[in-house]
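> predicted coordinates and the sequence they were generated for:
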Number of protein chains: 2
Amino acid sequence: MAQIIDGSGLAKDIRCELRKELEQFMAAGHRAPHLTAIIVGEDPASQKYVTNKMNACKEIGISSETKVLPASTTQDELLQLISEQNSNPNVNGILVQLPVPEHMDERTICNAVCAEKDVDGFNEINVGRLALDMEGIIPATPQGIKAMLELSNIETFGRNAVVVGRSKNVSLPMAILLSSDGKNATNALDATVTICHRYTPPKELAKFCRQADIIVVAVGKPGLITKDMVKPGACVIDVGINRIKDEQTGNFRLVGDVDFDEVRQVAGHISPVPGGVGPMTVAMLMKNTIKAAKSQVAYRSD
Amino acid sequence: MAQIIDGSGLAKDIRCELRKELEQFMAAGHRAPHLTAIIVGEDPASQKYVTNKMNACKEIGISSETKVLPASTTQDELLQLISEQNSNPNVNGILVQLPVPEHMDERTICNAVCAEKDVDGFNEINVGRLALDMEGIIPATPQGIKAMLELSNIETFGRNAVVVGRSKNVSLPMAILLSSDGKNATNALDATVTICHRYTPPKELAKFCRQADIIVVAVGKPGLITKDMVKPGACVIDVGINRIKDEQTGNFRLVGDVDFDEVRQVAGHISPVPGGVGPMTVAMLMKNTIKAAKSQVAYRSD
């Protein structure tokens, strides 16, 4: 029976360490880092995510503000707000909760947040830096998964990993972090990585998964990863968040992309949904905010 | 017996088309695009590469200049020269021939070339744009390999590809181009991609290669890819350039990373060394230079 990777517990420990780190930073005479979250429209899931992030800020001691804009906001108005936050020296981190409304170009928005305050790591410059194994800001979800693997003592060096999905915010940076050189600035994981996606034939997906020591799945399809696709002892990280109706109770509940009850019988480690990757993502966003604040202080004192 | 992908012949056709494209561009009243190549030190291989590139410029009608700096040039002096070229409106493309001397930081140099004139596609912004499937400048070698696959009618959609190596100039952009979504700006290839590297155990490397419909190898190890590692009918693209001594004649000759004579017996398509990827790389550098010049003209007339 697989060991369950307790993302909630690990994230709590990380938040506790970040709180101490922040206390030291402020004891050295610096003000608390400030994170501005921007949310456009009234998507309930987005509101929940932002609330979780703001609660984590509060717990750690990061100053924060949520700017809620109506869904009718124009792209230019949003860009103007981002620009003000970019040039405001009291703001250290900026996040725009995705998705933005359909009349906006998500990529334009992500690139508008200046690289130094881009705590989501979605700006093209931070993406480039990650791809080049350079110091920069790494997207929170893949960074959180890396921490989960490390804290669970999962060996990755020279092992086979599969990333299912090819999203630019999770899967691609995950694949880069898994496959790159551990001796460079990102301390990457030196695994052999296969990127599977919607056009990978199901038979091939199953084969690559069965060969993998680590499987990271982030596609949004409940039950995609089944027991027969997992090598005994493999580590399975589930990034999916799917809201499904429980046939018995009629209530909705969250499930991932992995058939958890089945797969846990063969996997060596498995992350649950909820309580797995989600809280780790929030913790890493906090880590990125503190990192951004520290590097802005260092830059100003140059 | 494998069909040989004639990189020299394909590149000649592409240069011919680029020449026509350039004639039209100039007939519309624009001056010839100008490429500045910078070479630091006296590495004979680097000199040869730059000469090949300058000859291609001449054939196509691109104006070019090679600036040769002594190996003792400081990094600041090189950065100063790059900065001058960045701000010179008569220069459309800049390439710094790699490797730079050991007292310089290659990454700092690559990032110093402004993204708009970075015809090598090595600047962090262009790397980020490629990773995000955005319009930008794509490194010449992976772009040349993509053209080879397309011009040879090699199906990639949903097929298995292996990239052997994880260099930032060739392998990583190749893996991104192979795996990304064909419907986005980079017209990527929608394959399932496995990235193997120095820490992939040899047995695993052989297994992944045998599962592959397309193998791209770029590591610099003669004879790494042998017949038993190749699925009958697969397409094998050899990026390696290794100078080895011929035991019979005592002369040096260039070979790739593939055991060509053996592998051609089982592969469906194979690219030779020399005459495969090399000339395609040069042709794509020319394409990037013309693209850069055109987008600079468009930008100025906005």
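Yep, it's here. Numbers count the residues shown, from 1 in each chain, chains lettered A, B, ... in the order given.
> all contacts plus neighbour counts: C-alpha atoms, from now on.
Will do.
> hang on, residue A:237 in a strand?
Yes: assignment of residue A:237 by DSSP: H, G, I helix; E, B strand; the rest coil places it within a strand.
> and it, how far from residue A:277?
8 Å (C-alpha to C-alpha, to the nearest Å).
> between those two, what contacts are shared?
Here residue A:237 and residue A:277 have A:145, A:271 as joint contacts, going by C-alpha atoms under 8 Å, 6 or more residues apart in numbering or on different chains.
> show me where the stretch 201-302 of chain A has strands.
A:214-217, A:235-238, A:242-245, A:252-255, A:269-270 (DSSP state E, counting those that start in this stretch).
> neighbouring strands of the third one in the sheet, and parallel or not?
The one in question is strand A:242-245. Applying DSSP bridges to the sheet, strand A:242-245 is found paired with strand A:252-255 (antiparallel).
> show me which residues of the strand it pairs with are buried.
The neighbour-count check on strand A:252-255 (16 or more other C-alpha atoms under 10 Å in any protein chain shown) flags residue A:255 as buried.
> any chance of the strands of the stretch 201-302 of chain A in CSV, plus mean pLDDT?
Formatted as CSV, the strands of the stretch 201-302 of chain A follow (pLDDT from 0 to 100):
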stretch, mean pLDDT
strand A:214-217, 99
strand A:235-238, 98
strand A:242-245, 94
strand A:252-255, 93
strand A:269-270, 98
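> do a quick rundown of the helices in chain A.
Remark: helices assigned in chain A by DSSP state H are A:7-27, A:44-60, A:75-87, A:106-112, A:124-131, A:140-151, A:171-179, A:202-210, A:260-263, A:277-300.
> now mean pLDDT too, for these, in a markdown table please.
Output for those, formatted as a markdown table (pLDDT from 0 to 100):
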| stretch | mean pLDDT |
| --- | --- |
| helix A:7-27 | 98 |
| helix A:44-60 | 96 |
| helix A:75-87 | 98 |
| helix A:106-112 | 98 |
| helix A:124-131 | 98 |
| helix A:140-151 | 98 |
| helix A:171-179 | 98 |
| helix A:202-210 | 98 |
| helix A:260-263 | 98 |
| helix A:277-300 | 95 |
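> so which of those is nearest residue B:14?
helix A:124-131 (29.0 Å; C-alpha to C-alpha).
> for chain B, what are the nearby residues on the stretch 201-302 of chain A?
residue A:201 (C-alpha under 8 Å from any C-alpha of the partner chain).
> what residue in the stretch 201-302 of chain A comes nearest to chain B?
Residue of the stretch 201-302 of chain A nearest chain B, by C-alpha to the nearest C-alpha: residue A:201 (6.6 Å).
> run a quick neighbour tally on the nearest residue to that residue once chain neighbours are set aside.
Excluding its sequence neighbours, the residue lying closest to residue A:201 (C-alpha to C-alpha, 6 or more residues apart in numbering or on different chains) is residue B:158, at 6.6 Å. Neighbourhood size, residue B:158 [other C-alpha atoms under 10 Å in any protein chain shown]: 19.
> which residues touch residue B:158?
Counting by C-alpha under 8 Å, 6+ apart, residue B:158 touches A:199-201, B:190-192.
> closest to residue B:26 among these?
The nearest member of those to residue B:26, counting by C-alpha to C-alpha, is residue B:190 at 36.1 Å.
> surely the closest one meets residue B:180?
Yes: here residue B:190 reaches residue B:180: they are 5.4 Å apart, a contact under C-alpha atoms under 8 Å.
> first-to-last residue distance for stretch A:161-180?
End to end - C-alpha to C-alpha - stretch A:161-180 spans 12 Å.
> wait, does it make contact with chain B?
Yes: using C-alpha under 8 Å from any C-alpha, stretch A:161-180 reaches chain B at A:166, A:168, A:172, A:179-180.
> most neighbours of all those residues, which one?
Counting neighbours by other C-alpha under 10 Å, residue A:179 comes out on top of those with 29 neighbours.
> and that one, what is it in contact with?
Contacts of residue A:179 by C-alpha under 8 Å, 6+ apart are A:188-193, B:195.
> ok, 7 Å please
Residue A:179 makes contact with A:188-193, according to C-alpha atoms under 7 Å, 6 or more residues apart in numbering or on different chains.
> ok, so of those residues, who is nearest residue B:127?
residue A:188 (17.9 Å).
> right, and the closest one touches residue A:182 too?
Yes: under the criterion of C-alpha atoms under 7 Å, residue A:188 makes contact with residue A:182 at 4.2 Å.
> the two - which one has more neighbours?
Neighbour comparison, residue A:188 and residue A:182: the larger count goes to residue A:188, with 22 against 16 (by other C-alpha under 10 Å).
> now do the more buried one against chain B, distance only.
As defined by C-alpha to the nearest C-alpha, to the nearest Å, residue A:188 lies at a distance of 12 Å from chain B.
> still on that earlier bit, how about the residues of stretch A:161-180 next to chain B in TSV, adding distance to residue B:45?
As requested, the residues of stretch A:161-180 next to chain B are arranged in TSV below (distance: C-alpha to C-alpha, whole Å):
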residue	distance to residue B:45
A:166	38
A:168	37
A:172	34
A:179	30
A:180	28
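> about what we covered before: and the helices of chain A: which comes nearest residue B:83?
Of all the helices of chain A, helix A:124-131 sits nearest to residue B:83, with 19.5 Å by C-alpha to C-alpha.
> so how far is that closest one off the chain centroid?
On the basis of C-alpha atoms, centre = their mean, to the nearest Å, helix A:124-131 sits 15 Å off its chain's mean C-alpha point.
> that one and chain B in contact?
Yes: for helix A:124-131 and chain B, the contact criterion (C-alpha under 7 Å from any C-alpha of the partner chain) is met by A:124-125, A:127-129.
> which neighbouring elements make contact with that helix?
helix B:124-131 (3 or more C-alpha pairs under 7 Å, 6 or more residues apart in numbering or on different chains; DSSP states H and E).
> and the angle from the helix it packs on to helix B:171-179?
30 degrees (axes from the mean of the first three to the mean of the last three C-alpha atoms, to 10 degrees).
> who touches helix B:124-131?
Contacts with helix B:124-131, where a contact means C-alpha under 7 Å, 6+ apart, come from A:124-125, A:127-129, B:111, B:115, B:121, B:135-138, B:176.
> mark which of these are buried, thanks.
A:124-125, A:127-129, B:111, B:115, B:121, B:136-138, B:176.
> now for those residues, which pair is the farthest apart?
B:111 and B:176 (19.9 Å).
> in the stretch 151-300 of chain A, which residue sits nearest chain B?
Closest contact between the stretch 151-300 of chain A and chain B, by C-alpha to the nearest C-alpha, is at residue A:194 (4.0 Å).
> neighbours of that residue, just the number please.
The number of residues packed near residue A:194 is 30, by other C-alpha under 10 Å.
> that one pairs with what?
Note on residue A:194: beta-bridge partners by DSSP bridges are residue A:162, residue B:194.
> and the pLDDT for it?
Per-residue pLDDT puts residue A:194 at 99.
> distance check, it against residue B:155.
In terms of C-alpha to C-alpha, residue A:194 sits 19 Å off from residue B:155.
> restricting to C-alpha, output stretch A:28-35 in CSV.
What follows is stretch A:28-35, C-alpha atoms only, in CSV (Å, rounded to 0.1, in the frame of the first residue of the first chain):
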residue,chain,number,x,y,z
ALA,A,28,17.2,43.0,10.0
GLY,A,29,15.2,46.2,9.4
HIS,A,30,13.2,45.4,6.3
ARG,A,31,9.5,45.9,6.0
ALA,A,32,7.2,42.9,5.4
PRO,A,33,7.1,41.8,1.7
HIS,A,34,3.9,42.9,0.0
LEU,A,35,1.9,40.7,-2.4
